[in-house]
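Asks: test case, fold it:
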Amino acid sequence: MHFTAGSTVVTVTIAEDNATTRDFLSMLPMTLEFKDYHGQEKISYPPRPFDYTGAPGIAPQVGDLFSYKPWANLGFFYNVDGLGHSDDLVRIGATTDLDKIMDLDRKRVTIQVAG
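Replies: Residues are numbered from 1 along each chain as shown. The predicted model follows:
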């Protein structure tokens, strides 16, 4: 899938088959604004919460596309220093386009399945 803001394109590979991922994919295409959070994440808020039924927790990794259950947000980790396993995090996918994640800050990002 692609996260596109102007000429910046972040390519994401779906990494998990779970209710959250399927629900996320059912909402596409969508456009969201991402912002920096705590020097570790770029986050946004979809129009509605995801389905978290049976979703396992994760130990976050740089490049993860994730959702944090309590906030029902969507985000990318670019720094995981000091973070450990959390049952409230759900991995949806991952990217290796780490420099491009930084370019998403405060921009309207269109998310769609690559085709």
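Asks: burial of R108, as a residue count?
Replies: Counted with other CB atoms under 10 Å, residues neighbouring R108 total 13. Where you see a C-beta, it was placed from the backbone N, CA and C, and this is true even at glycine.
Asks: do I have it right that it meets T31?
Replies: Yes: counting by CB atoms under 8 Å, T31 is a contact partner of R108 at 5.6 Å.
Asks: can you show me the strands along the chain?
Replies: In the chain, the strands defined using DSSP state E lie at 2-5, 8-11, 13-14, 30-33, 35-37, 41-44, 64-68, 74-77, 89-94, 108-112.
Asks: buried residues of the fourth one, list them for me.
Replies: Spelled out, it's strand 30-33. Residues L32 are the ones in strand 30-33 that count as buried (16 or more other CB atoms under 10 Å).
Asks: likewise the last one?
Replies: If you call a residue buried by 16+ other CB under 10 Å, then strand 108-112 has these buried ones: V109, I111.
Asks: hang on, the earlier thing: could you identify which of the strands of the chain is most buried?
Replies: Compared across the strands of the chain, strand 74-77 shows the largest average neighbour count, a mean of 25 (mean count of other CB atoms under 10 Å).
Asks: what is it packed up against?
Replies: strand 41-44, strand 64-68 (3 or more CB pairs under 8 Å, 6 or more residues apart in numbering; DSSP states H and E).
Asks: pLDDT at T95, what is it?
Replies: We have a pLDDT of 98 for T95.
Asks: which ones are touching P47?
Replies: The contact partners of P47, by CB atoms under 8 Å, 6 or more residues apart in numbering, come to M27, M30.
Asks: how close does it sit to I111?
Replies: 12 Å (CB to CB, to the nearest Å).
Asks: between those two, which contacts overlap?
Replies: Common contacts of P47 and I111, defined by CB under 8 Å, 6+ apart, comprise M30.
Asks: hang on, Q40 packs against D81?
Replies: Yes: counting by CB under 8 Å, D81 is a contact partner of Q40 at 7.4 Å.
Asks: what do those two both touch?
Replies: Common neighbours of Q40 and D81 (CB under 8 Å, 6+ apart) do not exist.
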